[in-house]
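> got a structure for you, letters missing:
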């Protein structure tokens, strides 16, 4: 398995693990409970806090995982793996972890830096775009 495929696998595992976090928070929310979550989920209250942010973070992860997977798999199929693809895959993973962590924690700014979640998103986006350019240089 190439390094880039391993990073893709880690991103998929992150995506699979995220519902555990936000559904646990949702189960603890008043009026929900684990038993109601095992049913059809009709008439449940709106998600709030970590449960709502986690769901949105998970949706964002899914939206970004699909193009990343396509890029990584295309690169793998044509045999493109170099320093740039390795750096971009690593940056993508770090940025997606940061994005999910900031989103779940409700962090929008760090001292002196506004929009840290958006910054993490754009780092992941640009790393994908730069990775994709490597497919055209093959």
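Arrived safely, thanks for sending. Being a predicted model, the structure only gives us computed values, none of them experimental.

> just the strands in the protein please.
Using DSSP state E, the strands found in the chain span residues 109-110, 113-114.

> most packed of those strands?
Of all the strands of the chain, strand 109-110 has the most neighbours on average by mean count of other C-beta atoms under 10 Å, namely a mean of 11. Using the backbone N, CA and C atoms, a C-beta is placed for each residue, glycine as well.

> got the contact list for that one?
With C-beta atoms under 8 Å, 6 or more residues apart in numbering as the contact definition, strand 109-110 has outside contacts at 115, 116.

> Who are the packing partners of the helix or strand of the chain with the lowest mean pLDDT?
When each helix and strand of the chain is scored by mean pLDDT, DSSP states H and E, helix 33-37 comes last, with a mean of 72. Packed against helix 33-37 by the contact rule (3 or more C-beta pairs under 8 Å, 6 or more residues apart in numbering; DSSP states H and E) you find helix 3-27.

> If you count neighbours, what's buried in the helix it packs on?
4-5, 7-8, 11, 14-15, 18, 21-23, 25-26 (16 or more other C-beta atoms under 10 Å).

> which among these gets closest to residue 58?
Checking those against residue 58 by C-beta to C-beta gives residue 18 as the nearest, at 4.3 Å.
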